[in-house]
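Asks: Below is the structure, and that's it, no one-letter string:
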Ligand SMILES: Nc1ncnc2c1ncn2[C@@H]1O[C@H](COP(=O)(O)OP(=O)(O)OP(=O)(O)O)[C@@H](O)[C@H]1O
């Protein structure tokens with residue numbers, strides 16, 4: 001392997017007769033004047049005279065061919081391999097043409113590639129095209145992961161990619177970008193497994209109900225299986241967790257109502273006026289209700305008449321209360337805004353938001369657990385605003401108290417992870433969850449609160465947040481507007497950007513400030529799997545088989561059954577089956593059992609007999 005053609009201080013071409021190059025592999029150029037120079041292949045080509053070389057649309061740099069010829073390559077006969085190599089550090093002078101090139105030893109690249117040990121970092125995958133350096137790699141870096149490729153679990157061949165967790169103190173946030181099916185969720189799962197391994201408190205917003213870690217991948221050998229059950233907890237908004245109304249500040253309440261559906265200025269005003277400290281849901285609800293009912297009457301006279309016409313003391317009292325509210329607030333709180341707030345409040349209540357609190361989440365985080373908060377995107381938008389504000393401020397108060405030498409309850413540093421993050425921090429319009437995420441993206445570092453934000457559409461994510469994501473995982477991306485955003489927001493090179501639409505699922509460019517460059521990685525095989533991995537068609541088959549089994553168990557003891565007996569057994573079957581069944585359905589189910597040869601059907605003078 002030799003340097004060929006015109007060189008610069010940053011870039012050279014390398015030619016070889018017998019060794020094909022791979023993108024992203026490292027090579028060492030032995031420059032006689034400047035010593036060893038490390039470079040990375042950014043483009044690999046083969047040249048054969050019958051097929052003109054064409055790099056990037058330009059016809060081959062004739063200097064490359066000339067110098068190949070000059071240093072003894074038979075370019076008319078042989079196939080020649082050519083690599084474009086970018087130096088890791090700029091050379092002082094242009095590289096000497098004709099310099100020999102060799103593959104580096106592990107210790108020569110170690111500083112570029114390994115920044116943390118496996119006990120303290122996140123073991124996320126394998127650095128692609130580093131297999132040649134594996135032999136003399138440190139023992140503790142060997143055999144620490146598997147990849148899953150070509151439908152098989154593959155042993156580690158190359159240098160592991162270990163994300164340096166401690167460096168996050170300096171470079172705190174991570175972005176995960178990639179189109180549908182590119183391996184984003186799978187990658188997130190691996191990150192979360194690693195966070196659990198290290199007992200890092202983590203909160204995951206999971207709109208897809210997929211971040212469950214109970215099921216192991218089928219491909220995993222027994223000795224690799226790991227029980228995560230004590231390390232994570234899935235909690236559903238509205239069932240397991242919610243907002244304790246009594247703890248809400250007026251701003252929290254406004255955020256919640258706004259997340260439910262946008263508040264006008266007048267509505268904001270209504271909350272400021274009508275919401276009292278220590279209000280319970282019921283007391284606030286009743287105040288809104290009674291005021292709006294009084295406003296519906298339309299005037300003080302009409303309300304007075306209601307008081308006079310009341311037939312019971314309770315009714316009189318209720319209308320007196322309404323009158324009081326009407327006198328105090330009618331002028332400042334327009335009816336439509338009161339109704340608007342009332343309607344939004346009811347909606348949140350009906351969704352169960354106020355039925356619980358976040359105690360379980362706080363306790364889980366304090367124990368170093370991964371807490372998965374599940375709910376529809378809308379519910380999570382509403383709830384996360386409250387939750388994140390709350391947790392972030394708890395952590396902030398604790399740290400601030402430390403600085404000020406005052407006391408505050410301990411609250412640990414933690415990660416916030418979410419898929420579909422553009423829904424929580426959209427570009428171009430305001431939403432309550434965006435404000436808190438923006439604040440954390442800008443200030444979280446100080447307090448030890450870290451973000452991992454995944455999205456299919458980086459273009460739709462709030463720009464000021466994207467700019468704060470110091471480490472970016474870039475999976476396959478096809479949409480040109482997203483590729484453009486990625487190019488603007490990361491240091492990926494033009495050659496890498498061109499490869500983005502063709503990346504395999506699970507292959508990723510990791511652009512990180514710690515590494516100072518982009519690294520091409522295969523995400524390791526996850527240990528656990530998503531509960532949704534069952535193919536929908538297999539699911540259909542499984543479901544109907546289970547249903548058939550269930551029906552068979554019920555009917556087995558009643559055989560033989562004549563068609564004429566259907567009506568008499570229907571009630572009993574229905575009861576045991578637990579669902580309403582009519583005569584036609586009963587017959588259909590019996591026919592299915594005949595079809596699958598579980599039972600037999602014979603014709604008799606009294607109709608069909610099943611046995
Ligand atoms: N590192 C990997 N190793 C092995 N298989 C992978 C890897 N990454 C992804 N896959 C496979 O590719 C498929 C798609 O991956 P995944 O579900 O993570 O995509 P996605 O980017 O999250 O898509 P979407 O945004 O639509 O959910 C999965 O079936 C998964 O099994």
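Replies: Perfect, thanks for sending it. Just so it is clear, the structure is predicted and the values come from calculations on it, not from any experiment.
Asks: any weak-confidence spans in the chain?
Replies: 48-61, 260, 533-536, 538-539 (pLDDT under 70).
Asks: go with 50
Replies: 55, 57, 59 (pLDDT under 50).
Asks: Geometrically speaking, which residue is the centre of it?
Replies: residue 419 (2.8 Å; Cα atoms, centre = their mean).
Asks: Do I have it right that residue 284 meets residue 275?
Replies: Yes: at 6.0 Å, residue 284 counts as touching residue 275 under the criterion of Cβ atoms under 8 Å. All C-beta spots, glycine's among them, are computed from the backbone N, C-alpha and C.
Asks: circling back: residue contacts, the residue nearest to the centre of the chain?
Replies: 184, 185, 188, 205, 206, 207, 208, 454, 455 (Cβ atoms under 8 Å, 6 or more residues apart in numbering).
Asks: what does the stretch 101-250 of the chain put close to the ligand?
Replies: Contact residues, the stretch 101-250 of the chain versus the ligand (Cβ under 6 Å from any ligand atom): 148, 178, 180, 181, 182, 183, 184, 185, 186.
Asks: residue contacts, the third one?
Replies: Shown here is residue 180, whose contacts under the criterion Cβ under 8 Å, 6+ apart are residue 456.
Asks: SS state for it?
Replies: coil (DSSP: H, G, I helix; E, B strand; the rest coil).
Asks: residues near the residue of the stretch 501-611 of the chain found nearest the ligand, how many?
Replies: Using Cβ to the nearest ligand atom, the closest approach of the stretch 501-611 of the chain to the ligand is made by residue 506 at 2.6 Å. Residues lying near residue 506 (other Cβ atoms under 10 Å) number 24.
Asks: Tally up the residues packed near the spatially closest residue to it that is not a sequence neighbour, please.
Replies: Distance criterion Cβ to Cβ, 6 or more residues apart in numbering; nearest residue to residue 506, sequence neighbours excluded, is residue 183 at 4.0 Å. Here the number of neighbours of residue 183 (other Cβ under 10 Å) works out to 23.
Asks: Now do residue 183 against residue 176, distance only.
Replies: 10 Å (Cβ to Cβ, to the nearest Å).
Asks: do the same with residue 526
Replies: 14 Å.
Asks: same deal with residue 500?
Replies: According to Cβ to Cβ, residue 500 stands 14 Å off from residue 176.
Asks: swap in residue 213?
Replies: 18 Å.
Asks: and what of residue 190?
Replies: 11 Å.
Asks: More neighbours: which of these two?
Replies: residue 176 (29 against 23).
Asks: What are the boundaries of the helices in the stretch 51-200 of the chain?
Replies: With DSSP state H, counting those that start in this stretch as the criterion, the stretch 51-200 of the chain has helices at 62-70, 106-113, 184-197.
Asks: I'd guessed the residue nearest to residue 506 sits against residue 521; true?
Replies: No: Residue 183 lies out of contact with residue 521 (Cβ under 8 Å); the separation is 10.8 Å.
Asks: Mutual contacts of these two, please.
Replies: With Cβ under 8 Å, 6+ apart as the test, residue 183 and residue 521 both reach 507, 508.
Asks: From the chain's centroid, how far away is the lengthiest helix in the chain?
Replies: Assignment by DSSP state H gives helix 377-404 as the longest helix of the chain. The chain centre lies 20 Å from the centre of helix 377-404; the measure is Cα atoms, centre = their mean, to the nearest Å.
Asks: Show me what that helix packs onto, helices and strands only.
Replies: Applying 3 or more Cβ pairs under 8 Å, 6 or more residues apart in numbering; DSSP states H and E, one finds that helix 377-404 contacts strand 202-206, helix 250-260, helix 359-366, strand 370-374, strand 414-418, helix 432-447.
Asks: Turn those into CSV, columns for distance to residue 14 and mean neighbour count.
Replies: Formatted as CSV, those follow (distance: least, Cβ to Cβ, whole Å; neighbours: other Cβ atoms under 10 Å):
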stretch, distance to residue 14, mean neighbour count
strand 202-206, 44, 23
helix 250-260, 56, 20
helix 359-366, 51, 17
strand 370-374, 46, 24
strand 414-418, 41, 25
helix 432-447, 41, 20
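Asks: Rebuild those as a markdown table, extending it with distance to residue 103.
Replies: Below are the helices and strands packed on helix 377-404 laid out as a markdown table (distance: least, Cβ to Cβ, whole Å):
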| stretch | distance to residue 103 |
| --- | --- |
| strand 202-206 | 39 |
| helix 250-260 | 55 |
| helix 359-366 | 46 |
| strand 370-374 | 40 |
| strand 414-418 | 38 |
| helix 432-447 | 39 |
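Asks: Of all the ones you listed, which one is nearest residue 29?
Replies: helix 432-447 (38.1 Å; Cβ to Cβ).
Asks: any idea which helix or strand comes after the closest one?
Replies: Downstream of helix 432-447, the next assigned helix or strand under DSSP states H and E is strand 449-455.
Asks: Counting by contacts, list what that following strand packs against.
Replies: Packed next to strand 449-455, using 3+ Cβ pairs under 8 Å, 6+ apart, are strand 173-177, helix 184-197, strand 414-418, helix 432-447.
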